[in-house]
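S.K.: Fold the following, please.
(one chain, ligands or ions: 1)
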Amino acid sequence: MASYTIEPICSKDLYKIARKIDSSTNDTLLKNIIEFTSKCLTGVKSVCRDVSLNLSGNFRNKKQKKQTLQGLFKDLSNEKDYKKILDLCEFLECELLDKKPTKKRWQLWNDFKKALRLSFLESYRLEEACWKVKNQEKYCENRVPSKCISRTVLLKGLECDCAVVIDEGLDLKNFYVAITRGAKELHIFSESPCYPSHPLPFCSLCNARMSWKQNNKTKKYFLGCSNYNSKKCKGSCSIEKFFLDL
Ligand SMILES: [Zn+2]
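M.R.: Residues are numbered from 1 along each chain as shown. Predicted structure coming up:
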């Protein structure tokens, strides 16, 4: 299953590669691009290493795709050109690998390509183009890729159809953010049958410990008094109030 990570709005890695490329000499440019590409896509580095080692000498591998890659490498070692960097990136992504590479960092990779496009179309320095791309994102509707992996802090305000939460010791506030991301489905993977294991509050009517219950009609969970069955105490607390009171 292809899955993507969400990047912070202030993407340090994006600005870092932009500054590196803006200040690269022809010698270091290729190395920086390949390093960055393999941070974003799987399976790139070994193929590129194979080709770049052969740049100065005779190119032994006659496969057409590798020759095209060598051509793109040579173009870049002669001149720093944003359009050529983008050509190389798109070739690496779409053509080189027989099996489509997995995008480890989907958003970082897409932002980088967007910034490259803007740089050559409107003659910006790459770092400047990155600022424009990220700024645009801030004001556009926040879109979540169809499948993504993220820390809760980056998902605030975003919603998807289905959320899968892994019990990795999230504190309750982050747990609350995590479980409220899925609009239609929520799956929680945990070793404990009861999660979160935060002590539950006491009933405001009879002071007994409360426990999780589910409304038969709405299927919504709430906290109900543990004396409901024996003493018919109807003390209850909604899930929202429970988390807000934490
Ligand atoms: Zn009670």
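
S.K.: and residue 222, backbone torsions?
M.R.: Here is the backbone geometry of residue 222 (degrees, to the nearest 10): phi -150, psi 170.

S.K.: Test my guess that it contacts residue 234.
M.R.: No. Counting by CB atoms under 8 Å, residue 222 stays clear of residue 234, with 11.6 Å between them. All C-beta atoms are positioned from the backbone trio N, CA, C, and that covers glycine.

S.K.: Between the two, which has more neighbouring residues?
M.R.: Neighbour tally, residue 222 and residue 234, criterion other CB atoms under 10 Å: the higher count belongs to residue 222, 17 against 12.

S.K.: Tell me what that one is bridged to.
M.R.: Beta-bridge partners for residue 222, by DSSP bridges, are residue 213, residue 238.

S.K.: longest single helix anywhere in the protein?
M.R.: Criterion DSSP state H: the longest helix present in the chain is helix 106-122.

S.K.: Contacts for the helix or strand following that one, please.
M.R.: Sequence order places helix 126-139 as the next helix or strand after helix 106-122, per DSSP states H and E. The contact list for helix 126-139 (CB atoms under 8 Å, 6 or more residues apart in numbering) reads 9-11, 14-15, 18-19, 21-22, 82, 111-112, 114-116, 118-119, 122, 124.

S.K.: Stretch 228-241 too?
M.R.: Contacts for stretch 228-241 (CB under 8 Å, 6+ apart): 201, 203-206, 208, 210, 213, 220-225, 227.

S.K.: Please, where are all the strands along the chain?
M.R.: Remark: strands assigned in the chain by DSSP state E are 4-5, 148-149, 160-166, 182-189, 210-214, 221-225, 236-238.

S.K.: Next, format the ones you listed as a markdown table and append mean pLDDT.
M.R.: A markdown table is the format used below for the strands of the chain (pLDDT from 0 to 100):
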| stretch | mean pLDDT |
| --- | --- |
| strand 4-5 | 63 |
| strand 148-149 | 80 |
| strand 160-166 | 86 |
| strand 182-189 | 86 |
| strand 210-214 | 86 |
| strand 221-225 | 88 |
| strand 236-238 | 90 |
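
S.K.: Could you dump these into TSV with distance to residue 93 added?
M.R.: Putting the strands of the chain into TSV (distance: least, CB to CB, whole Å) gives the following:
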stretch	distance to residue 93
strand 4-5	14
strand 148-149	18
strand 160-166	24
strand 182-189	30
strand 210-214	47
strand 221-225	44
strand 236-238	47
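
S.K.: Walk me through the domains of the protein.
M.R.: Using automatic domain parsing, the domain ranges for the chain come out as 4-139, 150-189, 210-244.

S.K.: Mind listing what's buried along the shortest one?
M.R.: If I follow you right, that is domain 210-244. 210, 222-228, 233, 235-237, 242-243 (16 or more other CB atoms under 10 Å).

S.K.: gap between the longest helix of the chain and the chain center?
M.R.: Helix 106-122 sits 17 Å away from the centroid of its parent chain (CA atoms, centre = their mean, to the nearest Å).

S.K.: What of stretch 11-18?
M.R.: Offset of stretch 11-18 from its chain centre (CA atoms, centre = their mean): 15 Å.

S.K.: Same check on stretch 159-179?
M.R.: Stretch 159-179 has its average C-alpha position 15 Å from the chain's average C-alpha position, going by CA atoms, centre = their mean.
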